[in-house]
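In: I'd like to go over a predicted model; first the sequence, then the structure.
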Amino acid sequence: MDKKQQKEIRNMKKVYIVAELSANHNNDFQLAKDTITAMKEAGADAVKFQTYTADSLTLDVDNKYFKPRTEGLWKGRRLYELYKEAAMPYEWQPKLAEYAISLGLNWLSTPFDFEGVDFLESINIPAYKVASLEIMDIPLIEYIAKKQKPIILSTGIAKLADIELAVETCRNVGNNDITVLKCTSAYPTPFNEVNLNAIPTIQKAFNVKVGLSDHTIGHIVSLGAVAIGVTLVEKHFILDRKQGGVDSAFSMEPLEFKEMVDNIRVLEDALGKTGIEITKGMDDARKRGRSLFLVKDIKKGEEFTKENIKSIRPGYGLHPKYYWEILGKKATEDLKRGIPLQWQFIGD
């Protein structure tokens, strides 16, 4: 199963949709399981966990560097307290991963230190994500990349040089299976800070798969990203925003998530291929287009003129591009008004 998941993540032929559990387990194991069930029912391809303790991320120190947040969604909260509340117990993760697999759902996780990576390796993680705020943690990225599994790099605070260094770090250890996520580290993200037009820039600059980690409200931004060409979309998922929790404000409920998935799948069908192709329906429609017809009776030997041939619908006659070439030529037989012109009717 693990190899199959890796292959799916490596060979994404459709947009890969990841439901982020994050802190929306609210320290309730059954709630976490129920949420994963709802993710599967809503059409997600994978559930993503976060693997950390508060000590993986920050220090429990009371000084100006670790003081409470002064603005934003978590205003008044100290980071250590926030992370302690939000962390998923490590002992849950193999059980939840196994449960996801039993439902036919893939899984991956975001580690925040070497110990987290080692733990995830011990439970056969199929793919890794690096969080936006860790984009500059080059030792961590290198440690993950050396595991030679698909690696997803989120870029919420990254400058172009940061992305370049992170991608180079992966490639320098022989890991070329890289997806870079366009992301904005604002929760929820204002629409005017999303900048979807950066997606082709990232793809062209680094020759990588590009996805979207979307923290906006709703799914219009995710649809826009799919239209631009992303291969992965990640959204936070919650059973019910009323349950609260540190990520609840910008998480999608099941019906919202399903609507997004359904609309993405419709959009994928509509996007089609890059080439110009004629479907059967379009081919049938071409027959309703213009072609050259006789609009007056003419006798054998009579010339074709502007008065007796015309470009009209439907498309059973010669292509209108031959109009000027045919004018002045003579009919090879008597022809009735309403006959589509064919080459056998046209002499010198």
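Out: Great, that's in hand.

In: contacts and neighbour counts: CA atoms only from here.
Out: OK.

In: contacting residues around the helix or strand where Glu325 lies?
Out: Using DSSP states H and E, Glu325 falls within helix 323-326. With Cα atoms under 8 Å, 6 or more residues apart in numbering as the test, helix 323-326 has contacts from Leu292, Phe304, Lys310, Ser311, Ile346.

In: counting neighbours, which of the residues you listed comes out on top?
Out: Within the contacts of helix 323-326, neighbour counts (other Cα atoms under 10 Å) peak at Leu292, which reaches 26 neighbours.

In: looking at this, that residue is in a strand?
Out: Yes - Leu292 forms part of a strand when assessed by DSSP: H, G, I helix; E, B strand; the rest coil.

In: re earlier: need the max-distance pair from the contacts of helix 323-326.
Out: Ser311 and Ile346 (16.0 Å; Cα to Cα).

In: what about stretch 203-221, how long is it end to end?
Out: Chord length of stretch 203-221, first to last residue, is 18 Å (Cα to Cα, to the nearest Å).

In: and it, what's buried?
Out: Neighbour counts over stretch 203-221 (16 or more other Cα atoms under 10 Å) mark 203, 206, 209-219, 221 as buried.

In: check stretch 291-306 too.
Out: Neighbour counts over stretch 291-306 (16+ other Cα under 10 Å) mark Ser291, Leu292, Phe293, Leu294, Val295, Ile298, Glu302, Glu303, Phe304, Thr305 as buried.

In: per-residue confidence for the last one?
Out: Spelled out, that is Thr305. For Thr305, the pLDDT comes out at 97.

In: next one: phi and psi at the residue lying closest to it once chain neighbours are set aside?
Out: Counting by Cα to Cα, 6 or more residues apart in numbering, Leu327 is the residue found nearest to Thr305 once chain neighbours are left out, at 5.3 Å. When read as degrees, to the nearest 10, the backbone of Leu327 gives phi -50, psi 130.

In: near Leu327, how many other residues are there?
Out: Neighbour count for Leu327, taken as other Cα under 10 Å: 15.

In: wait, Leu153 sits on Asp137?
Out: No - counting by Cα atoms under 8 Å, Leu153 stays clear of Asp137, with 11.3 Å between them.

In: quick check: bridge partners of Leu181?
Out: Ser154, Gly211 (DSSP bridges).

In: okay, Phe119 and Tyr90: tell me how far apart.
Out: 8 Å.

In: quick check: Glu41 vs Asp247, distance?
Out: Taking Cα to Cα, one finds Glu41 at 21 Å from Asp247.

In: okay, the two: which has more neighbours?
Out: Ranked by neighbour count (other Cα under 10 Å), Glu41 and Asp247 place Asp247 first, with 22 against 15.

In: so which of the buried residues of stretch 291-306 is the closest to Ile17?
Out: The closest of the buried residues of stretch 291-306, once distances to Ile17 are taken by Cα to Cα, is Ser291, at 46.8 Å.

In: can you map out the helices along the chain?
Out: Applying DSSP state H to the chain gives helices spanning 2-10, 29-41, 54-57, 79-86, 92-102, 114-122, 138-145, 160-172, 198-206, 220-228, 254-271, 280-286, 323-326.

In: among those helices, which gets the worst mean confidence?
Out: Minimum mean pLDDT among those: helix 2-10, a mean of 53.

In: quick one: residues contacting Thr110.
Out: Going by Cα under 8 Å, 6+ apart, Thr110 touches Lys48, Phe49, Gln50, Thr51, Tyr128, Lys129, Val130, Ala131.

In: no wait, Ile202
Out: Ile202 neighbours (Cα under 8 Å, 6+ apart): Val180, Val208, Val210.

In: now Asp284
Out: With Cα under 8 Å, 6+ apart, Asp284 has no contacts at all.

In: return the distance of it relative to Gly328.
Out: In terms of Cα to Cα, Asp284 sits 32 Å off from Gly328.

In: check Val221 too.
Out: Val221 is 59 Å from Gly328, by Cα to Cα.

In: comparing Leu153 and Asp137, which residue is more hemmed in?
Out: Leu153 (26 against 15).
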